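> Have a look at this fold, sequence not included:
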Ligand code: 5GP
Ligand code: ZN
C-alpha cells in the first residue's frame with residue numbers, strides 16, 4: 001500500500017509539502033485544494049493513511065466519523081451552512097479518484113449545479 005514518503009497527502013501531514021491548512025485535529029487535517037473547483041474547495045483527510053473511504057471506514061470507523069466531523073466544522077467555518085454545500089469522496093477509477101489517501105472534498109460558495117454532467 002502506498003503510504004509515507006510515497007503518498008502525497010502523507011507528505012502534507014508530515015509537513016514535507018506545504019498546504020493551506022484551515023483546520024486540524026489530533027487525527028484529521030483540512031486544507032485547501034490546489035486546483036479549486038468552487039469558491040470554497042477544502043480537502044479533509046485522516047492523518048493515518050488509508051487508500052480510500054471504504055478502507056478507512058472498514059479499518060477505523062471512529063476515524064471515518066472524525067473525518068466527517070472535521071468536514072462539518074469546515075462547512076460551518078467556511079460559511080457554507082446556510083446555503084448548503086457538497087461533500088464528496090471520489091473512490092476508485094469510476095469515481096475519478098486520483099490521490100489514493102482517503103479524502104473528502106468540501107465544495108461550496110456558489111450553486112454547484114447537477115450532481116454530474118451527462
Ligand atoms: P481526487 O481526484 O483523488 O478525488 O482528488 C484529489 C484532489 O487533490 C484534486 O482535487 C487535486 O486538485 C488535489 N491535489 C492534488 N495535488 C495536491 C497538492 O499538492 N496540494 C493540494 N492542496 N491539493 C492537491
Ligand atoms: Zn497517505
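Cool, the structure landed. Owing to the predicted nature of the structure, the values given are computational and were not obtained by experimental measurement. Ligands and ions are numbered 1, 2, ... in the order given.
> Check what pLDDT residue 53 gets.
Residue 53 carries a pLDDT score of 98 in this model.
> Give me the nearest residue to it, chain neighbours excluded.
residue 89 (4.1 Å; Cβ to Cβ, 6 or more residues apart in numbering). C-beta coordinates here come from the backbone N, C-alpha and C atoms, glycine included.
> What residues does the one you found make contact with?
With contact set as Cβ atoms under 8 Å, 6 or more residues apart in numbering, residue 89 has these partners: 52, 53, 95, 102, 103, 104, 105.
> when you scan the helix or strand where residue 72 lies, is anything in it near ligand 1?
Assigning secondary structure by DSSP states H and E places residue 72 in helix 61-77. No - using Cβ under 6 Å from any ligand atom, helix 61-77 never reaches ligand 1; the gap is at least 13.7 Å.
> For the helix or strand following that helix, which helices and strands make contact with it?
Following helix 61-77 in sequence order, the next helix or strand is strand 85-88 (DSSP H and E). The contact analysis (3 or more Cβ pairs under 8 Å, 6 or more residues apart in numbering; DSSP states H and E) places strand 85-88 against helix 61-77, strand 104-108.
> With mean pLDDT, mean neighbour count and distance to residue 48 added, can I get those in JSON lines?
Putting these into JSON lines (pLDDT from 0 to 100; neighbours: other Cβ atoms under 10 Å; distance: least, Cβ to Cβ, whole Å) gives the following:
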{"stretch": "helix 61-77", "mean pLDDT": "98", "mean neighbour count": "17", "distance to residue 48": "6"}
{"stretch": "strand 104-108", "mean pLDDT": "98", "mean neighbour count": "22", "distance to residue 48": "15"}
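> Next, see if the lengthiest strand in the chain gets close to ligand 2.
Criterion DSSP state E: the longest strand present in the chain is strand 40-46. No - contact of strand 40-46 with ligand 2 (Cβ under 5 Å from the ion) is absent, the minimum separation being 7.9 Å.
> Next to ligand 1, which bits of the chain? Give me the list.
Taking Cβ under 6 Å from any ligand atom, the part of the chain that reaches ligand 1 is made up of 8, 17, 19, 31-35, 43, 90, 96-99.
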